[in-house]
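1. Would you be able to build a 3D model of this:
(chains A and B)
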Amino acid sequence: MHEMSVALEVCRIAEDQVGLAALPNVREVGVIVGRDSGVEPESLRFCLETLLASAPFRGARAALDLTPGDDLRVSYLEIEDDDSAN
Amino acid sequence: MTIRRIEVRERVMERNNSLARDVRARLRGIGVPAFNLVSSPGSGKTLLLERTLQDLGKEMHIAVVTGDVQTQNDADRIANWTDHLVQAVVTGGACHLDARQVTQALEALELSAVDLLFIENVGNLVCPASWDLGETAKIVLFSVTEGEDKPLKYPKMFQQARYAMLTKTDLLPHVPFDVAKAKEFALEVNPRLQFFQTSGLTGDGLEPWYDFLRAQVTPRTRPKARARRSNGLAGAAS
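-> Got it, this is the predicted structure:
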């Protein structure tokens, strides 16, 4: 039952990618979940949505892509940039 | 407002796997085989280690990293049979050991004086299958008081393991456990599995297990470990 560890790791990877300050602007997190990865997709979705709904995130969506095999990776992040700040 | 998309493609387990690769390289570099013992709770991992330390402790230096969800009971049991080299990890509720915990535990051990390392994982047939610890091989234990279909119920663990050990075989006359069927199910999920059958209570089947361990350690590891010790610092520095 390590879906929460996996979800926390997904959040850490997001922070590595965009930096802490940009995490509130993350709109969607794409995760590839292999059917043999040892992760229960609905449980992971629940954990991930819980984390993405709380600070520093601000309600990002978790988009799970179920695939054959044992792949388990963050595939993409969608960020909303505030153009007026530029 | 504009939406931009960043391609990431990073494996979720990459940080763990990278630490595990470091552990594996380090252990291989000093010639220490490491076995990750996995099973459901109560299958006999700790008793197997107690017996092994008791019987082989005089001919090789065995270190143990042991993980428990709570308490230090297993570490205390194992420490009764060896003067040194037991490192306890209390996971505080986590259902598995990870490579970071093993890395930290290894820091506390003097590996140059070790011939063989056991990692006693948390009793759980699900999660530890997903976490590479840098071990040489996983050994999955299952006792004859469990169902023969354990390998079918927990296929990932049996696929990840290179060896399977049936334990508590002294109870076979008293339980409706079909050894042939259990092996058949295990081979169905992993045709390359090799088997041991042991009773920690009576000692039955331990000799083949000890011979296996001796073969892992000699001749590759032990002469080197001895040489290193006898050469002292000069040997280590060269």
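2. how far does the lengthiest helix in chain A sit from the chain's center?
-> If you go by DSSP state H, chain A has its longest helix at helix A:3-18. Distance of helix A:3-18 from the chain centroid (C-alpha atoms, centre = their mean, to the nearest Å) equals 6 Å.
3. neighbouring strands for the helix or strand just after that helix, and are they parallel or not?
-> Note on helix A:3-18: by DSSP states H and E, the next helix or strand toward the C-terminus is strand A:26-34. Using DSSP bridges, strand A:26-34 pairs in its sheet with strand A:61-67 (parallel), strand A:72-81 (antiparallel).
4. what's the angle between strand A:26-34 and helix A:3-18?
-> 130 degrees (axes from the mean of the first three to the mean of the last three C-alpha atoms, to 10 degrees).
5. So which elements touch the helix or strand following strand A:26-34?
-> Per DSSP H and E, strand A:26-34 leads on to helix A:41-52 as the next helix or strand towards the C-terminus. Contacts defined by 3 or more C-beta pairs under 8 Å, 6 or more residues apart in numbering or on different chains; DSSP states H and E place helix A:41-52 against helix A:3-18, strand A:26-34, strand A:61-67. In short, each C-beta sits where N, CA and C put it, glycine included.
6. what's the average pLDDT for helix A:41-52?
-> The pLDDT scores in helix A:41-52 average 94.
7. who's in contact with it?
-> If you take C-beta atoms under 8 Å, 6 or more residues apart in numbering or on different chains as the criterion, helix A:41-52 is touched by A:1, A:3-4, A:6-8, A:10-11, A:26, A:29, A:31, A:33, A:57, A:59-62, A:64, A:66.
8. Name the SS class of the residue most central in space within chain B, please.
-> Nearest residue to the geometric centre of chain B (C-alpha atoms, centre = their mean): residue B:36, 1.8 Å. Three-state call for residue B:36 (DSSP: H, G, I helix; E, B strand; the rest coil): strand.
9. taking the helices and strands packed on helix A:41-52 together, which one is wrapped up most tightly?
-> Neighbour counts (mean count of other C-beta atoms under 10 Å in any protein chain shown) averaged over each of the helices and strands packed on helix A:41-52 peak at strand A:26-34, with a mean of 21.
10. Can you check what angle separates that strand from helix A:41-52?
-> Going by the same axes, to 10 degrees, strand A:26-34 makes 160 degrees with helix A:41-52.
11. Format the CA atom coordinates belonging to strand A:26-34 as CSV.
-> Provided in CSV are the C-alpha atoms of strand A:26-34 (Å, rounded to 0.1, in the frame of the first residue of the first chain):
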residue,chain,number,x,y,z
VAL,A,26,0.5,23.6,-11.9
ARG,A,27,-2.8,22.7,-13.6
GLU,A,28,-2.3,19.1,-14.5
VAL,A,29,0.1,16.3,-13.7
GLY,A,30,0.4,13.5,-16.2
VAL,A,31,1.4,10.1,-14.8
ILE,A,32,2.0,6.9,-16.8
VAL,A,33,0.9,3.9,-14.7
GLY,A,34,1.8,0.5,-16.0
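12. Check what contacts that strand and list those residues.
-> Residues contacting strand A:26-34 (C-beta under 8 Å, 6+ apart): A:10, A:14, A:18, A:39, A:41, A:44, A:48, A:52, A:57-58, A:60-80, B:3, B:8, B:12.
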